[in-house]
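> Fold the following.
(one chain, ligands or ions: 1)
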Amino acid sequence: MTIADSARETTTSAARTYALDRRHVFHSWSAQAEIAPMVITRAEGSYVWDGEGNRLLDFSSQLVNTNIGHQHPEVVEAIAAQAHRLATVAPQHANDQRSEAARLVAEHAPGDLDQVFFTNGGADANEHAVRMARLVTGRPKVLSRYHSYHGGTEQAINLTGDPRRWANDDGRAGTVHFLGPYLYRSAFRATTEEEECAAALAHLEQVIELEGPQTIAAVLLEAIPGTAGIMVPPPGYLSGVRELCDRHGIMLIVDEVMTGFGRTGAWFHSATEGVVPDLLTFAKGVNSGYVPLGGVVLGPRTGEYFAHRPYPGGLTYSGHPLACASAVAAMTVMERDGIVDHARRIGEDVLGPGLARLAERHPSVGEVRGLGVFWAMELVRDRGTREQVAPTGGSSPLMAEAVATAKSLGLLPFANSHRLHAVPPCTVSETEAREGLEILDGVLDRVDRTVAGV
Ligand code: PLP
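Reported below is the predicted structural model:
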């Protein structure tokens with residue numbers, strides 16, 4: 001077959017994929033008749049290929065999950081080998097891959113978090129963490145941040161702070177929301193990180209007092225809010241929340257679904273901040289999403305509570321061998337190849353300084369923030385007023401144009417509301433990261449011109 005024949009075949013098969021998708025597949029978070037999903041036919045490392053054969057640099061890591069890059073041969077091989085050996089096993093039995101995966105997760109988890117309950121993804125990890133906290137404390141309510149995303153299932157979407165909650169919220173989920181630190185759009189009129197941190201902690205303290213501490217089972221928060229905008233909390237915020245929880249016997253649940261396993265240049269961001277939650281949830285980067293997997297890491301308070309009392313919850317696929325085998329392979333490769341440290345250095349040496357330069361050059365960039373391979377750019381119409389180019393939880397023709405421009409220049413971006421996130425795999429090379437920055441420069445040229453009306 002000639003190269004031209006093979007390209008024609010790929011395009012024909014992509015056209016069929018697209019037609020069948022539009023006819024039969026119901027997509028997440030979408031008005032079904034208004035979407036045009038991009039067909040992805042193959043992927044490798046930091047790149048994906050679309051149905052027309054175009055190669056795109058994946059600056060989205062899909063949904064911020066391919067931390068180890070696409071098609072890592074050792075992870076793919078571990079799944080294939082496990083499929084041949086033992087493709088499935090019920091959760092009540094012990095299995096070598098599940099035991100090893102739990103050991104590796106516990107070893108990297110902060111402090112004395114030592115037992116792992118495996119789930120199918122991040123939302124159900126948060127569901128179970130909240131259920132555990134309610135049972136352990138005997139209290140009904142859970143507090144979480146307004147600027148947050150915790151998953152699409154019933155409890156998790158009600159814990160979510162961003163507008164995706166609204167249509168799912170009938171006010172009966174036992175969740176109360178509070179404001180976290182977000183200096184660029186400070187709700188507290190703070191002008192420094194220190195002021196923002198102190199004000200956000202005082203606000204949370206007041207919410208706890210007004211809600212009645214004896215009614216609150218847990219405070220749940222992302223180590224760094226991800227989809228809601230990558231607002232890295234100021235130093236002292238997470239430990240301040242820990243202290244407030246301790247004072248009132250409230251459990252602290254830290255959601256590291258997006259931040260975990262190298263994304264921030266650390267295994268877990270809470271550990272970097274010296275904070276040990278009572279429960280930690282994870283998914284995504286644990287195995288880069290090659291097979292669905294998430295989980296809850298339990299501290300001693302929860303472990304002891306369920307030592308001689310049955311936990312009233314479970315899943316057919318808890319600790320599925322294919323998922324766990326891929327997690328063991330992914331974590332082993334990450335340890336061996338220093339991938340977490342690589343992600344930290346890419347952030348410090350390439351993405352951080354490079355995005356700061358873009359912010360200087362482009363008036364439509366209001367703020368750049370992040371660390372590791374976890375960065376957000378706020379796009380604004382006016383740096384003075386900070387008016388967003390799209391509403392929170394919505395889109396706009398300008399954002400659609402920014403995404404289309406990025407794709408046409410060879411980059412798959414992660415866009416949310418008025419923000420572009422630069423979230424490549426942790427394995428992204430320096431050259432690829434610079435290539436991404438160059439393309440973003442071109443995208444921002446276009447955004448600047450559209451904002452200026454030229
Ligand atoms: N928590 C956080 C912080 C997330 O970013 C996500 C997904 O993006 C979830 C939970 C939900 O995970 P999943 O989609 O695997 O259910």
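> Look at Ser6 and report its pLDDT.
Here the pLDDT value assigned to Ser6 is 77.
> Contacts made by the helix or strand hosting it with the rest, please.
Applying DSSP states H and E as the criterion places Ser6 in helix 3-24. Helix 3-24 has contacts (Cβ atoms under 8 Å, 6 or more residues apart in numbering) with 1, 37, 39, 41, 50-53. Using the backbone N, CA and C atoms, a C-beta is placed for each residue, glycine as well.
> Considering those, which possesses the most neighbours?
Gly51 (19 neighbours; other Cβ atoms under 10 Å).
> Make sure that one is actually in contact with Ala36.
No: using Cβ atoms under 8 Å, Gly51 is not in contact with Ala36; the gap is 11.1 Å.
> what residues are up against the residue in the stretch 101-250 of the chain that the ligand sits nearest to?
Scanning the stretch 101-250 of the chain for the residue nearest the ligand gives Gly122, at 2.3 Å (criterion: Cβ to the nearest ligand atom). Counting by Cβ under 8 Å, 6+ apart, Gly122 touches 150-151, 156, 255, 257-258, 281-284, 294.
> can you do 6 Å?
151, 257, 283, 294 (Cβ atoms under 6 Å, 6 or more residues apart in numbering).
> Restricted to strands, list those residues.
Among the contacts of Gly122, the subset assigned to strands under DSSP state E consists of Gly294.
> Val64: which of the contacts of Gly122 is nearest?
Val257 (9.2 Å; Cβ to Cβ).
> Can you tell me the closest non-neighbouring residue to that closest one?
Gly122 (3.6 Å; Cβ to Cβ, 6 or more residues apart in numbering).
> The ligand contacts on the stretch 1-150 of the chain?
Within the stretch 1-150 of the chain, the residues that sit near the ligand (Cβ under 6 Å from any ligand atom) are 63, 121-123, 126, 149-150.
> could these go into a markdown table alongside secondary structure?
Converted to a markdown table, these look like this (DSSP: H, G, I helix; E, B strand; the rest coil):
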| residue | secondary structure |
| --- | --- |
| Leu63 | helix |
| Gly121 | coil |
| Gly122 | helix |
| Ala123 | helix |
| Asn126 | helix |
| Tyr149 | coil |
| His150 | coil |
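> Show me which of the residues you listed are buried.
Neighbour counting by 16 or more other Cβ atoms under 10 Å classes 121-123, 126, 149-150 among these as buried.
> Now the two most distant members of these.
Top of the distance list for these (Cβ to Cβ): Gly121 and Tyr149, 12.9 Å.
> Please enumerate residues in contact with stretch 357-376?
With Cβ under 6 Å, 6+ apart, stretch 357-376 has contacts from 184, 229-230, 263-265, 343-344, 346-347, 351, 355-356, 377-380, 383, 386, 419, 421-424, 426, 441, 444, 447-448, 451.
> average pLDDT for the helix or strand where Cys245 lies?
Cys245 belongs to helix 237-248 when assigned by DSSP H and E. Averaged over helix 237-248, pLDDT sits at 98.
> just checking, next helix/strand downstream of that helix?
strand 251-255.
> Between helix 237-248 and that following strand, find me the angle.
Taking axes from the mean of the first three to the mean of the last three Cα atoms, to 10 degrees, one finds strand 251-255 and helix 237-248 inclined to each other by 150 degrees.
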